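Colleague: model this:
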Amino acid sequence: MEAIVYEEFGGPEVLRHATGVAVPEPGPGEVRVKVAAVGLNPVDWKRRYGWVEEFYPTTFPAVPGLEFAGTVDKLGEGVTDLAVGDEVLGWTKTGAYAQYAITGLVVPKPAGLSWAAAASLPVAAETAQRVLDLIGVRAGETLFLHGAAGVVGSVGVQLAVAAGVTVIGSASESNHAYLRELGAIPVAYGDGLADRVRAAAPDGVDAVFDSAGHGVLPVAIELLGGEEGAAKERIATIADVDAEKHGIAFTGVMGDPDAVRAGLTAHARAAEAGTLTVRLADTLPLKEAARAQELSETGHVRGKLILIP
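Modeller: The predicted model follows:
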């Protein structure tokens with residue numbers, strides 16, 4: 001089969017477009033999927049650099065990619081809830097940048113959801129929901145979401161707003177109109193951020209979701225009362241690996257599989273209905289994976305990059 005492979009840590013140049021790669025076989029409880037679309041995530045190139053081995057240990061040769069959408073091609077022993085030909089979306093165990101992938105965690109793809117839209121959902125929706133649950137944000141509260149125009153951030157905005165939460169979202173000014181469309185109150189990045197958040201939320205902020213990093217955790221602590229009074233359990237980050245130094249939760253690992261399946265099923269239905277969207281930046285062929293990761297690394301891509309095998 002066709003796949004993207006790398007055999008050492010490094011820059012985009014270590015990615016190799018290979019043909020003749022062995023097609024993986026599903027084990028007990030697994031299914032093989034013919035991949036129709038792959039969602040690219042920043043963690044893909046962070047893994048390529050070897051930066052997140054604590055959470056995602058690598059065995060070489062490695063195929064990048066966590067999330068995909070496609071059609072069930074073969075069932076492993078004991079799988080009774082899926083059939084060959086079912087259209088699904090979810091996470092792969094063997095790497096998504098390939099024509100075929102093995103997975104044990106998928107949900108049905110709604111018929112009205114495109115392949116690209118389906119492949120953009122698993123990581124962003126699960127991550128956003130996990131953080132919102134972790135910090136316990138609820139109806140009537142105010143959330144500050146740093147990096148609100150990014151893929152995970154924008155999904156977090158939508159989920160929080162739908163739950164009755166007021167969202168103050170930081171983003172570059174070029175993304176402020178987009179955040180207003182999603183229901184958030186936008187504020188600009190940079191010096192004076194805490195003051196701008198306070199102006200937008202005069203009654204205060206109840207929780208903080210950091211999806212962008214860039215040293216915002218001291219601001220988050222200040223917004224929740226300072227080092228002595230901050231309720232740090234109501235702050236979480238997916239982007240700042242120094243979180244522990246501040247007494248803040250860093251969350252990078254998926255939760256309970258049954259809860260994840262239930263959540264993704266609900267999010268996929270919401271996406272089909274148009275009440276949850278992921279902005280798509282571009283679609284590229286699988287062989288251009290290195291270029292796609294380079295684009296992602298710039299930090300200037302608006303929305304999700306999708307690869308098509």
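Colleague: tell me which residue is most central in this protein.
Modeller: Most central residue of the chain, judged by C-alpha distance to the mean C-alpha position with CA atoms, centre = their mean, is A124 at 2.9 Å.
Colleague: who's in contact with that residue?
Modeller: Applying CB atoms under 8 Å, 6 or more residues apart in numbering, we find A124 in contact with G39, V151, V152, V155, V278, K304. From N, CA and C alone the C-beta is placed, and that goes for glycine too.
Colleague: just grab the bridge partners of the last one for me.
Modeller: When bridges are taken as DSSP bridges, the partners of K304 come out as L280.
Colleague: could you report the neighbour count for it?
Modeller: 26 (other CB atoms under 10 Å).
Colleague: does it really touch L280, like I thought?
Modeller: Yes - at 5.3 Å, K304 and L280 qualify as touching, with contact defined as CB atoms under 8 Å.
Colleague: now the element after the helix or strand bottoming out on mean pLDDT in the chain, going C-ward?
Modeller: Ranked by mean pLDDT, DSSP states H and E, the weakest helix or strand in the chain is helix 226-229, scoring a mean of 70. Later in the chain than helix 226-229, the nearest helix or strand by DSSP states H and E is strand 235-237.
Colleague: next helix or strand past that next one?
Modeller: strand 249-250.
Colleague: and that next one, what's its mean pLDDT?
Modeller: Mean pLDDT, strand 249-250: 90.
Colleague: swap in stretch 127-145?
Modeller: Confidence for stretch 127-145, expressed as mean pLDDT, is 97.
Colleague: kindly check the end-to-end length of it for me.
Modeller: Distance across stretch 127-145, first residue to last, is 13 Å (CA to CA, to the nearest Å).
Colleague: could you find the closest non-adjacent residue to T277?
Modeller: Closest residue to T277 apart from its sequence neighbours, by CB to CB, 6 or more residues apart in numbering: A271 at 6.7 Å.
Colleague: what about the one you found, how many residues nearby?
Modeller: Using other CB under 10 Å: A271 sits among 24 other residues.
Colleague: now list whatever residues contact both of K304 and L280.
Modeller: With CB under 8 Å, 6+ apart, K304 and L280 have common neighbours S120.
Colleague: identify the residues contacting A271.
Modeller: P110, L113, A117, A118, L121, T277, V278.
Colleague: out of those residues, flag the one nearest to S172.
Modeller: Top of the list for closeness to S172, among the contacts of A271 and by CB to CB, is V278 at 18.7 Å.
Colleague: what's the nearest residue to that closest one if we skip its chain neighbours?
Modeller: V278 sits nearest to S120 (CB to CB, 6+ apart), 4.1 Å away.
Colleague: surely the one you found touches L307?
Modeller: No - in terms of CB under 8 Å, S120 does not count as a neighbour of L307; the distance is 11.3 Å.
Colleague: who's more crowded, those two?
Modeller: The neighbour count for S120 versus L307, taken as other CB under 10 Å, is higher for S120 (32 against 28).
Colleague: thanks a lot, catch you later.
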